[in-house]
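>>> here are the coordinates; sequence isn't available:
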């Protein structure tokens, strides 16, 4: 999968618009998200039969996908996961190498949660839960 375009040629009132990719996942089991899926901006996740504990990519995978690890400190991005399950099945976002989680990481059925990833350096980052919206 190719790297996402951070800034497209689109502007509105002088503000660049980010290009997003929507990933639809309906795996019956826990999933490890790829850097491309997380950096794409929106994951539609059907848990397909039960609650799931899905894993973030490692910081090394995110940095490799973004490129230029020497300028990553302080950089950040946001992404949203929408739980599209057909029953009361919860998604719990879990950590991976180099990541620290901050806030509530569960997403109930028919809810969306936005997360912000902030890089401390090329080997560590924090995933912040920014809040839940009923979809």
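Everything's here; your move. On a predicted model such as this, the values are computed, not experimentally measured, just so you know.
>>> CA atoms for contacts and neighbours, from now on please.
OK.
>>> quick one: secondary structure of the closest residue to residue 88 other than its chain neighbours?
With C-alpha to C-alpha, 6 or more residues apart in numbering as the criterion, residue 88 has its nearest non-adjacent residue at 5.4 Å, and that residue is residue 109. Three-state assignment for residue 109 (DSSP: H, G, I helix; E, B strand; the rest coil): coil.
>>> Pull the number of nearby residues for residue 109.
22 (other C-alpha atoms under 10 Å).
>>> can you tell me which residues contact it?
83-90 (C-alpha atoms under 8 Å, 6 or more residues apart in numbering).
>>> TSV for those residues, including pLDDT, neighbour count and distance to residue 105?
TSV is the format used below for these (pLDDT from 0 to 100; neighbours: other C-alpha atoms under 10 Å; distance: C-alpha to C-alpha, whole Å):
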residue	pLDDT	neighbour count	distance to residue 105
83	98	25	12
84	97	24	16
85	97	22	17
86	94	13	20
87	96	15	19
88	96	13	16
89	97	20	14
90	98	21	10
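>>> Which ones among the residues you listed map onto helices?
Within the contacts of residue 109, no residue falls in helices by DSSP state H.
>>> What separation is there between the residue lying closest to residue 25 once chain neighbours are set aside and residue 69?
Closest residue to residue 25 apart from its sequence neighbours, by C-alpha to C-alpha, 6+ apart: residue 45 at 4.9 Å. With the distance defined as C-alpha to C-alpha, to the nearest Å, residue 45 ends up 30 Å from residue 69.
>>> Could you do residue 83 as well?
32 Å.
>>> re the thing from before, so for residue 45 and residue 69, which residue has more residues nearby?
Per other C-alpha under 10 Å, whichever of residue 45 and residue 69 has more neighbours is residue 45, with 22 against 15.
>>> pretty sure the more buried one contacts residue 84?
Yes. Residue 45 is in contact with residue 84 according to C-alpha atoms under 8 Å; the separation is 5.6 Å.
>>> all helices for this structure, in order.
35-40, 59-66.
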